[in-house]
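1. all I have is the shape, not the residue letters:
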């Protein structure tokens, strides 16, 4: 009986080790799909960051130069863990392939949405901001499938402009037409701030969420900082707000700032 018990214990330990290895590999694969070095865009400062709640998460971001423009992506798949992580990674890969095959923003959004509507379970979808920054015209054209709020900090008046999603979450229903892309004009000093709901909905012990107002105040006070430092201020304030409360949702930040020096 002792020998059998020891054999069962050893088998359980080996299974746990194998599971840990598979979990680590899955996390490594997911993290390898995210940018480690920010692309160089003259006149701009960029930062992206992903902090999953566990070994893998349903958030994602992308910042990459495609045909002379900066592709900006932030997505959040419903749920937590490996299932949403696979959905998020699938969407990112599909978009990369679509753009490399010559699709424009409208067609890429439409085709990826309709494919995911077929592939995902009925109760699953992805909220996603996807857009292109033209560094020559300083205009960002974008679609936001259920992803919001979107914060455009206007440096000239030191004010925040909030934008809501432009269409349905990705994969929730088949679409025949996504409609025209929306646009933002990035003036010197402006900052585009894309945050997943892991920031906005981070609760303290009293159940109060971090919310949009706190993010707006941080931008007004710290908008001149480099984007990496600005993101750190947002993250520190979020965790300070939720002190002694565990992170319950993935956190992702994408910040795009047009430098002031260009206007001087």
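-> Ah, there it is. Note that the structure is a prediction, hence the values are computed from the model and not measured.
2. show me the helices in the stretch 151-264 of the chain, by range?
-> All helices of the stretch 151-264 of the chain, identified by DSSP state H, counting those that start in this stretch, fall at 197-200, 211-222, 227-241.
3. which strands and helices lie in contact with the shortest one?
-> If you count contacts as 3 or more CB pairs under 8 Å, 6 or more residues apart in numbering; DSSP states H and E, helix 197-200 packs onto helix 211-222, helix 227-241, strand 251-258. (C-beta placed from N, C-alpha, C; glycine too.)
4. will you turn the ones you listed into TSV that also has mean neighbour count?
-> Supplementary listing: these in TSV, determined by neighbours: other CB atoms under 10 Å:
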stretch	mean neighbour count
helix 211-222	15
helix 227-241	17
strand 251-258	25
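5. of the ones you listed, which is nearest residue 139?
-> Proximity to residue 139 (CB to CB) singles out strand 251-258 among the helices and strands packed on helix 197-200, at 11.1 Å.
6. which strands and helices sit next to the closest one?
-> Contact partners of strand 251-258 among helices and strands, from 3+ CB pairs under 8 Å, 6+ apart: strand 44-51, strand 59-66, strand 69-77, strand 191-195, helix 197-200, helix 227-241.
7. how about a cut-off of 6 Å?
-> On a contact count with 3 or more CB pairs under 6 Å, 6 or more residues apart in numbering; DSSP states H and E, strand 251-258 meets strand 44-51, strand 59-66, strand 191-195, helix 227-241.
8. related to what we said a few turns ago, nearest to residue 65, out of the helices of the stretch 151-264 of the chain?
-> Across those, the minimum distance to residue 65, taken as CB to CB, is reached by helix 227-241, at 16.8 Å.
9. what angle do helix 211-222 and that closest one make with each other?
-> Orientation of helix 227-241 against helix 211-222 (axes from the mean of the first three to the mean of the last three CA atoms, to 10 degrees) gives an angle of 130 degrees.
10. in the stretch 1-150 of the chain, where is pLDDT below threshold?
-> Applying pLDDT under 70 to the stretch 1-150 of the chain flags the ranges 16-33, 54-57, 79-85.
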